[in-house]
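1. I'd like to go over a predicted model; first the sequence, then the structure.
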Amino acid sequence: MTLLTATDFHQWVRCRRQWKASGGPFPRDMTSEVNLRETARTIATGQALLAGDARDLLPDRAREENVPATVRVLRAGIAPEEMLGWAEETAAAVARGEAFINGLVLSGNLALVVDWGYFHGRGGGWELSLFRPATGLRGIYEDEAALLLEGWQGQGYPLAGLHLRYLGKKDRPDSSWSEEDWRGLFRESTLTGRAGKALKRVVPERQELQDYAARDRDLPADYRCRQGCPLCEGAPAEAPEGRYSVLTLHKGRHLGRDLQSRGIFDLREIDQSREKDLTERQRRQIDSVISDRLFIDRRGLAAFLGRLQWPLFFLDFEASSQSIPPFQGLAPYEHTPIIASLRCQSEPCGESRPSRFVSLPGTDQREAFFHWLSRAVGDQGSLVVFSKPFESAMVRQLASVAGEAARGQALVGRMVDLLEPFADFLVYHPGQCGKVSLKRVLPLFTGGGYEEVRVRDGLQANFSCTRWADQAVASGSSGASGSSGAPGSPGARAAEGVSVFLEGALKGTPRRDEPYLASQEEVCAYCDVDTRAMVDLVEALARLLEEPLS
Ligand code: SF4
């Protein structure tokens, strides 16, 4: 028997072709793994806070292997006997009227996890809860609740209510929080009525999914939507290579699709006088690509470089974020800085001196972090960053924790955002393909690149920082803020359980030849390349102004 899960259903509803192409029950990209980690973290935290006295129905083997129920159920397709035993345990708990966590209901061949259930005598049935790592109500949870409603009642079990428990978006736990306050982090929304109404839509979709899975049928060849993914469209025969594609238009994906639908695939075919929706930046991009020449707004670039005050401090943070705030004062998913790379350059084209701060995994060192930064940058000179909103938020957070908000504001006031000349199209290289990221502009303007470092982007750095912290909490080696008795520690163990399980299950598959988890040295090296890149870019921009007008 091939068992399906709520994840199958969500994928199926979103796009049947992508569901068919997903290649099995396990998430195979980092973003999906992050989502699964945060789901496991939220469920484990919610269960520990709200359902501490309930019986855990997770199969023994899964508990021994520290595999959260959300992940275990993804094994539905390969371990149906375990699923049947798990569902029988759940039925037995229901028969006893015993409160439980991690129950399993089988609805046909659909396996559905119940995060928490208890019998409500006055309500005449069971109160079922799903803990989810969102900060608001989302449609997919309504669908999941509808599937659970159908599955639960299909077993003949009485139901009093179906509840979604999600995270308060603006809640910021601090050291004064009691356990009751922590419980309040989980908002509750009753979905019974909405789930009932959704059944009309969900049941036929569920039935169709099960039919397709049972017969392994092909989708109709004309199944596609307007998103135009390569999976459906392939590379259009008329599509030009790289920089000439209309899909490269800066922030113009929709416009690019619209142009393609009118048979225009190449930037060189666009009649700018007729395309009123083109932005000024897109017009600069087209002109640069057609002429194959760098675009420079000399006055604008000179004004930008004129704002730099020497000495220059090139600053970059690597941060982590997670659903359950690990340190006081953070809201769900708010980033917190873990590593900083800093380079000081005293004069134009002079040597730059590197330094860095690296926090102990899982330990709140933000106060020491801020004092290090404040000392290192002194009172003079610009702080050069790439994307000021993020870096300034990190500095403000550190300053606030250190009780030095005014000093933090002063540092933010000294920041100059090196993204500006690229985002404002004061300079544009025809090879940018509409992008303005540091990784895109660095090789084009300086010849440098990221080939030497294994970490490929900020997401991988964030993922790694978060895992180090979870590993420290899970092993009990972190400081007080992340200690094993803290409210976030069951979640840290569950999130880490997800990654360890997936590493084993996907070993040797193409996406897992290279582990996502990077070492501290590797993330530091990546952060250092970012600051080195900014030094080189400032010098490259200054050289552009020295070149004679052509
Ligand atoms: S374009 Fe095709 S693959 Fe992409 S979402 Fe639409 S149907 Fe799915």
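-> Great, that's in hand.
2. Just the endpoints, please. Distance across stretch 204-224?
-> Separation of the first and last residues of stretch 204-224 by Cα to Cα, to the nearest Å is 20 Å.
3. so how far is the host helix or strand of residue 197 from its chain's centroid?
-> Taking DSSP states H and E as the criterion, residue 197 maps to helix 192-215. Taking Cα atoms, centre = their mean, to the nearest Å, one finds helix 192-215 lying 28 Å from the centre of the chain it belongs to.
4. Now it: average pLDDT?
-> The pLDDT scores in helix 192-215 average 93.
5. Pull out the buried residues from that helix.
-> By neighbour count on 16 or more other Cβ atoms under 10 Å, the buried set for helix 192-215 is 194-195, 198-199, 202, 205-206, 209-210, 212-213. Every C-beta, even on glycine, is put in place using the N, C-alpha and C of the backbone.
6. Which strands or helices does it pack on?
-> For helix 192-215, the elements it packs on are strand 4-5, helix 6-14, helix 139-154, strand 159-167, judged by 3 or more Cβ pairs under 8 Å, 6 or more residues apart in numbering; DSSP states H and E.
7. which residues are in contact with the helix or strand that it is followed by?
-> In the C-terminal direction, the helix or strand that comes right after helix 192-215 (DSSP H and E) is helix 230-233. For helix 230-233, contacts defined as Cβ atoms under 8 Å, 6 or more residues apart in numbering pick out 17-18, 21, 223-225.
8. ok, and which of the residues you listed reach the ligand?
-> Intersecting those with the contacts of the ligand gives 17-18, 224-225 (criterion: Cβ under 6 Å from any ligand atom).
9. In TSV: those residues, plus neighbour count.
-> Output for those, formatted as TSV (neighbours: other Cβ atoms under 10 Å):
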residue	neighbour count
17	14
18	13
224	15
225	10
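10. what's near enough to touch residue 174?
-> Residues in contact with residue 174, defined by Cβ under 8 Å, 6+ apart, are 328-329.
11. hang on, it is in a strand, isn't it?
-> No. Looking at residue 174 with DSSP: H, G, I helix; E, B strand; the rest coil, it is coil, so not inside a strand.
12. what's the distance between it and residue 7?
-> In this structure, residue 174 and residue 7 are 35 Å apart, going by Cβ to Cβ, to the nearest Å.
13. ok, now residue 308?
-> Plainly put, residue 308 is 50 Å away from residue 7 if you go by Cβ to Cβ.
14. got it, and residue 467?
-> Applying Cβ to Cβ to residue 467 and residue 7 gives a distance of 22 Å.
15. Please apply the same query to residue 187.
-> If you measure residue 187 against residue 7 using Cβ to Cβ, the figure is 23 Å.
16. between those two, which one's more packed in?
-> Here residue 187 and residue 7 are set side by side on neighbour count (other Cβ atoms under 10 Å), and the busier one is residue 7, at 23 against 16.
17. Looking at the protein, which helix is longest?
-> The helix spanning the most residues in the chain, taking DSSP state H as the definition, is helix 520-546.
18. which helices and strands does it pack with?
-> With contacts defined as 3+ Cβ pairs under 8 Å, 6+ apart, the packing partners of helix 520-546 are helix 298-306, strand 312-320, strand 336-345, strand 352-358, strand 382-385, helix 438-446, helix 458-475.
19. Give me the buried positions along that helix.
-> Within helix 520-546, the residues that count as buried by 16+ other Cβ under 10 Å are 522-538, 540-541, 544.
20. distance between that helix and the chain's centre?
-> 25 Å.
21. For the stretch 301-450 of the chain, what lies in contact range of the ligand?
-> With Cβ under 6 Å from any ligand atom as the criterion, the stretch 301-450 of the chain does not meet the ligand at any residue.
22. Next: the chain.
-> Taking Cβ under 6 Å from any ligand atom as the criterion, the chain approaches the ligand at residues 15, 17-18, 224-225, 227-229, 231-232.
23. mind putting those residues in a markdown table, distance to residue 266 and pLDDT included?
-> Formatted as a markdown table, the residues of the chain next to the ligand follow (distance: Cβ to Cβ, whole Å; pLDDT from 0 to 100):
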| residue | distance to residue 266 | pLDDT |
| --- | --- | --- |
| 15 | 28 | 90 |
| 17 | 27 | 87 |
| 18 | 28 | 86 |
| 224 | 23 | 79 |
| 225 | 24 | 77 |
| 227 | 21 | 72 |
| 228 | 16 | 70 |
| 229 | 21 | 73 |
| 231 | 23 | 78 |
| 232 | 21 | 77 |
